[in-house]
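*Asks:* task: produce atomic coordinates for the following.
(one chain, ligands or ions: 1)
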Amino acid sequence: MARNKYDVDETLETKFDMKQIKRLFSYVGRYRKKLIMTIMLMLFSSALGMVIPVLMQRVMDIYIPNHDKKGILLMAALAALIILATAYILRIKIKWTSQIGQGIIHELRRELFIHLEELPFSYYDSRPHGKIQVRIVNYVNNISDLLSNGIVNTITDCCSLFFIVGFMFYYSVPLTLICMCGLPILIAIVLFVKKKQRRGWQLASNKQSNLNAYIAESINGVRVTQAFVREDKNLGIFNNLSGSYRKAWMSVIKYNFMIGPTVQFISILATAAVYWVGIHWIMGGNDIISVGALTALTIYISQFWNPINTLASFYNSLLTAISYLERIFETIDEPVNVKDAPGAVEMPPIKGEVEFSHVVFSYEPGVRILNDVNFKANVGDSFAIVGPTGAGKSTIVNLISRFYNIDSGKILIDGIDINSVTIKSLRKQMGVMMQDSFIFSGTIMDNIRYGNREASDEDVIRAAKTVCAHDFIMSMENGYQTQVNERGSRLSAGQRQLISFARALLADPKILILDEATSSIDTETELLLQQGLQELLKGRTSFIIAHRLSTIKSSSCIMYIDQGNILEKGTHDELMAKDGYYKELYMSQYAFLEKM
Ligand SMILES: Nc1ncnc2c1ncn2[C@@H]1O[C@H](COP(=O)(O)OP(=O)(O)OP(=O)(O)O)[C@@H](O)[C@H]1O
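*Replies:* Sure, this is the predicted structure:
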């Protein structure tokens, strides 16, 4: 499993190819109708714009020499109407392209989010969360302009280019050819910077991702930062990351800015050359071109370079977008390796027998965490798992819900291999309380109901009463409707645990997993909770991980594990009689409490 840190640039597993562009356009295709309408409207608008030089040519060549004021006024009125109409069309275009762009962005984000919700724990174990966030928010944003304005402008500009060139040839073939001499130079420059831009944007997106990862990490860890007075040190790290991002951005942006001025420079040269030759012809008395036609031609020339500029910058945005797209598609394509097996069936209603048979597991290839683990919990057993830190206790309970795939062996529930049933039908029947009692932003009622969306208010209150959370909840300003923040920052650690506990119970599970469920709860509440719990655990199989051994003494089976091996198994009395690891652990806690 590749691990990534905020200061390590991400590498792409797959390189970008043109198929990805095709894939991008499949999103655009969903807005085909609106896109076509926008393009038609823009074509109409640019066709209107092209009439203006013709009006000017008529004014100069016909109405001025004939002193026809009426004709001049008519041309001016027509030109004003055209300008008004194109302005109105532009307004509609902005609205429609924004709708297209935002629509595509929403689709992409939605797809990313759905996939992220399905990706297994192992995906999140291996990268900073800030690097995931940056893909779904910033990278998707960065391609929005390309998807909306970029595509519309490019298509309409390509079409109007066709008409512009037609008009230019109509007025003068040799002068049009002179104007086009600048094109090969421009194409050479665009191709020259292409490679550098591609690499540059990849680097910039990596640096942006690193910076985001560090900011996310810093916000999550701000309390520890302040407690250890690490602000200055962190600012140094931030400056480095932000500086690298700025440097990467500045070095690539200079290539972007090369294109616009180059187009402008070439267009000025071309226009000057056309004027020079045209005026030379007119002054030489040649009848090749009239003053009006030369004026009209130079207006078309200025219009000719606009779409060229748009095309060059579209190409440029495409290169930029590619560096973001490859990351976006990489995430969408990230395989969900913990998934339903082909032909997986619904898990029948669980009774509660759990068996580990020769289970071997590793988070990373070659680093075994569980070695041939075997045990069986019967229906209604309360199974306690104890052992030193890092022994593999949480790992065992995580495997029961199939949060990870095992390397070998079998995990059976009621004799059914959990790999043969659908993950959702399995997890729906489990009550899991993890070590990290995560609280979501919302009311306390919502947080408890997270375990069972169908539960009534009364069910929620009953679960809260069972875990002795009711009193503290009622003492808050709005009781169950009190708003809490993400991570439950306004709750004590014990209160957070009680809410998570109630949440796990609410699912009315046949298998209940409690990972350090009561570690932060005071002894008095814990005693009360234990009494309620005994009643509640009847008829359910429970797995309880606890460092405070007093809380698991009455379990039907206690398993002592270390380094992924079960070293002892039995009731409290049996293990105490054995005089082994468990007794040693128990006595050390007892001696510690005696000393206090
Ligand atoms: N996501 C992970 N990726 C890689 N290794 C992990 C991961 N989670 C845990 N480990 C490793 O697996 C081993 C067992 O971890 P586990 O969390 O199961 O221990 P534990 O017995 O529950 O510890 P504690 O009592 O401290 O909670 C540890 O060595 C740990 O470093």
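*Asks:* please count neighbours and contacts with C-alpha atoms only from this point.
*Replies:* Will do.
*Asks:* can you pull the pLDDT of residue 531?
*Replies:* If you check residue 531, the pLDDT there is 65.
*Asks:* just the one 3 residues further on next, same as before
*Replies:* pLDDT recorded at residue 534 is 71.
*Asks:* neighbours of it, how many?
*Replies:* For residue 534, the neighbour count with other CA atoms under 10 Å is 12.
*Asks:* can you tell me the element it falls in?
*Replies:* Using DSSP states H and E, residue 534 falls within helix 523-537.
*Asks:* what helices and strands are in contact with the following helix or strand past that helix?
*Replies:* For helix 523-537, the following helix or strand on the C-terminal side (DSSP H and E) is strand 541-545. If you count contacts as 3 or more CA pairs under 8 Å, 6 or more residues apart in numbering; DSSP states H and E, strand 541-545 packs onto strand 382-386, helix 393-400, strand 511-515.
*Asks:* tell me the phi and psi of residue 287?
*Replies:* Note on residue 287: backbone dihedrals following degrees, to the nearest 10 are phi -100, psi 30.
*Asks:* now name the helix or strand holding the residue lying closest to it once chain neighbours are set aside.
*Replies:* Of all residues not flanking residue 287 in the chain, residue 281 sits nearest, at 7.7 Å (CA to CA, 6 or more residues apart in numbering). With elements taken from DSSP H and E, the one containing residue 281 is helix 231-283.
*Asks:* now the element after that helix, going C-ward?
*Replies:* Next along the chain after helix 231-283, taking DSSP H and E as the criterion, comes helix 291-333.
*Asks:* does the ligand sit close to the next helix-or-strand element following that following helix?
*Replies:* Where DSSP H and E defines the elements, the next helix or strand beyond helix 291-333 is strand 354-364. Yes: using CA under 6 Å from any ligand atom, we find that strand 354-364 touches the ligand at residue 363.
*Asks:* how about stretch 428-435?
*Replies:* No: figure legend: stretch 428-435 not in contact with the ligand (CA under 6 Å from any ligand atom); closest approach 7.5 Å.
*Asks:* tell me the centre residue of this protein?
*Replies:* Closest to where the C-alpha atoms of the chain average out (CA atoms, centre = their mean) is residue 136, at 2.4 Å.
*Asks:* for that one, which non-adjacent residue is spatially closest?
*Replies:* residue 109 (5.8 Å).
*Asks:* correct me, but the one you found touches residue 138?
*Replies:* No: Residue 109 is beyond contact range of residue 138, at 10.5 Å (criterion: CA atoms under 8 Å).
*Asks:* which one of these two has more residues nearby?
*Replies:* residue 109 (20 against 15).
*Asks:* show the average pLDDT along the helix or strand containing that one.
*Replies:* If you go by DSSP H and E, residue 109 is part of helix 69-118. Averaged across helix 69-118, pLDDT comes to 91.
*Asks:* and that helix, what other elements does it pack with?
*Replies:* helix 18-29, helix 32-58, helix 140-142, helix 144-145, helix 291-333.
*Asks:* for the longest one, packing partners?
*Replies:* Same thing as helix 291-333. Other elements packing on helix 291-333 under the criterion 3+ CA pairs under 8 Å, 6+ apart are helix 18-29, helix 32-58, helix 69-118, helix 140-142, helix 151-171, helix 182-220, helix 231-283.
*Asks:* give me the contacts around the fifth one.
*Replies:* Contacts of helix 151-171 from elsewhere in the structure, counted by CA atoms under 8 Å, 6 or more residues apart in numbering, are 35, 38-40, 42-43, 46-47, 50, 97, 176, 289, 293-294, 297, 300-301, 303-304, 307, 310-311, 314.
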